[in-house]
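In: Structure of the sequence below:
(one chain, ligands or ions: 1)
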Amino acid sequence: MTASTTPRILVAGGGIAGNAVALQLLRAGIAVTVVERATAPRPGGQAVDLRGPSREVAERMGLTEGIRKHLLHEKGMVVVDRDGNQKYRMPMDMFDGKGPVADIEISRGDLNGVLLTELAGVAGELDYRYGDWIEALDQDADGVDVTFASGAVERYELVIGADGVHSKTRALAFGPEEQFTTYLGGYMSFYTIATPPQAEPDWMTTRVVPRASIGVRPDSDPATSKAIITLRTDADPALRRDIPAQQRLVREMLAEAGWLAPEILAQLSTATDFYFDELVRVDMPTLSAGRVTLLGDSGFCGSPMTGMGTAMAVVGAYILAGELAATPGDVAGALARYEAAITPFLDKAKEIPGGGIQMMVPKTKLGLAAAQQVGKLLTTKVMKPVMMKMLETTDDYTLPSY
Ligand SMILES: Cc1cc2nc3c(=O)[nH]c(=O)nc-3n(C[C@H](O)[C@H](O)[C@H](O)COP(=O)(O)OP(=O)(O)OC[C@H]3O[C@@H](n4cnc5c(N)ncnc54)[C@H](O)[C@@H]3O)c2cc1C
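Out: Have a look, this model is predicted:
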């Protein structure tokens, strides 16, 4: 097959970005191989938000009905003290569904399930492989020879790196991770727990102490909830693959938190979907290097603090697939248009509303008291226009149509 016919495309990573782009490419009649490093769909993740233009994309991709079946009916966010007494509360509709809890919330695992169900129903050339990944890339002007961990060597006209914030595809095609990432001052962890009987149903409840926060968020099954933890600490590369060390750090930094923390932390080591990662931002000088392009967190992560990771992945997938389908014989042209179209959206979506980890998790008791006063103030009517300005940054983006 040459570059002048329909390209054969490899997608590395079966997360939201990879599955969304695979779906749109298949629908356009393009043959797709997906390699996902995990041996089965990865569960886990707390509520992710569909904000800004990603809602329109979900609608155009025909995902809205599937998403509706899994919607989390979260009423808002409440911050409590060590005895569980309310400090302040932000109902979801206080900021027209655009605040810390959005009006369209779905757990990450459920959203991925919706995409996988759609993928399974599309007639087309899909080769979906779990438990494999790219080991080497060797590209020329027309395509890429890919060596997989399984030992297979295959040629593709395009490789899409949708393999997350620590993308191996990015490292192979662009260089080491450190060149493109900025550490944002901490770590986040999510895992599923049995819902504590004292937890307020349908509310995301958070307890903040100096340098750490711990919370519970509703799950689609009321019997379970998602634990959500933020730690403010220096980066420690030794933590990267050391799950016992990650869990030790979580326990240490929240040892004095009170509230429901002991019960939530007691379920750490038995959680089957424990997720822990550093908060980083990814900024690429360009999204494509020849016949390799990046999508989702691998190319433009803003961290879970933006609340926009899923939106960026879905919007990026829609545009990338749309451009490739528009000119299947001109991959280079499609990649250039993809980057030009998505960049104005990314610039705004990567902004962290409300001051980032410094405001979310202050270092000292004094800082915490001040941040909570600001939090309370933001719930007053007079501050609504200020909040809305912070929360509507991507609403004016003009989404291309395909
Ligand atoms: C288990 C999990 C839980 C998460 N929970 C949350 C959350 O609660 N809140 C939040 O805001 N964000 C969460 N995220 C991040 C969020 O999913 C992303 O910011 C956003 O959806 C963009 O997705 P992505 O597909 O670009 O990256 P990811 O969701 O990270 O998906 C990347 C996929 O690539 C796979 N992969 C990794 N390396 C390779 C490789 N070398 N070859 C092939 N495949 C590879 C991974 O297993 C993963 O399935 C989570 C991510 C994961 C993986």
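In: Buried residues in the helix or strand Ser225 falls within, which are they?
Out: Here Ser225, judged by DSSP states H and E, is contained in strand 224-232. Across strand 224-232, burial judged by 16 or more other C-beta atoms under 10 Å covers 225-232. (C-beta placed from N, C-alpha, C; glycine too.)
In: The ligand contacts on this structure?
Out: 12-18, 35-38, 42, 44-46, 48, 108, 133, 162-164, 168, 190, 275, 296-297, 304, 309-310, 313 (C-beta under 6 Å from any ligand atom).
In: okay, now the residue of the stretch 201-350 of the chain found nearest the ligand: neighbour count?
Out: Going by C-beta to the nearest ligand atom, the ligand is nearest to Gly296 of the stretch 201-350 of the chain, at 2.2 Å. Neighbour count for Gly296, taken as other C-beta atoms under 10 Å: 30.
In: and the residue nearest to Ala336 when sequence neighbours are not counted, what pLDDT?
Out: Once flanking residues are discounted, Ala336 sits nearest to Ser288: 7.8 Å by C-beta to C-beta, 6 or more residues apart in numbering. We have a pLDDT of 98 for Ser288.
In: from memory Ser288 sits against Ile342, does it?
Out: No - judged on C-beta atoms under 8 Å, Ser288 makes no contact with Ile342 at a distance of 11.4 Å.
In: still on that earlier bit, average pLDDT for the strand holding Ser225, rounded please.
Out: pLDDT averaged over strand 224-232 gives 96.
In: got it, and stretch 56-71?
Out: For stretch 56-71, the per-residue pLDDT averages 93.
In: go on, stretch 151-165?
Out: What stretch 151-165 shows for mean pLDDT is 97.
In: Tell me which residues of that stretch come out buried.
Out: Applying a neighbour-count criterion of 16+ other C-beta under 10 Å, one finds 156-165 buried in stretch 151-165.
In: In a markdown table: those residues, plus secondary structure.
Out: Below are the buried residues of stretch 151-165 laid out as a markdown table (DSSP: H, G, I helix; E, B strand; the rest coil):
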| residue | secondary structure |
| --- | --- |
| Tyr156 | strand |
| Glu157 | coil |
| Leu158 | strand |
| Val159 | strand |
| Ile160 | strand |
| Gly161 | strand |
| Ala162 | coil |
| Asp163 | coil |
| Gly164 | coil |
| Val165 | coil |
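In: Widest-spaced pair of those residues?
Out: Glu157 and Val165 (26.1 Å; C-beta to C-beta).
In: For the stretch 1-150 of the chain, which segments count as strands?
Out: 8-12, 31-36, 47-49, 76-80, 86-91, 105-107, 126-130, 134-139, 144-148 (DSSP state E, counting those that start in this stretch).
In: Partner strands of the third one and their direction?
Out: What that stands for is strand 47-49. Strand pairing for strand 47-49, using DSSP bridges, gives strand 105-107 (antiparallel).
In: Name the residues that touch the strand it pairs with?
Out: Strand 105-107 has contacts (C-beta atoms under 8 Å, 6 or more residues apart in numbering) with 45-50, 67, 70-72, 74, 114, 219-220, 226.
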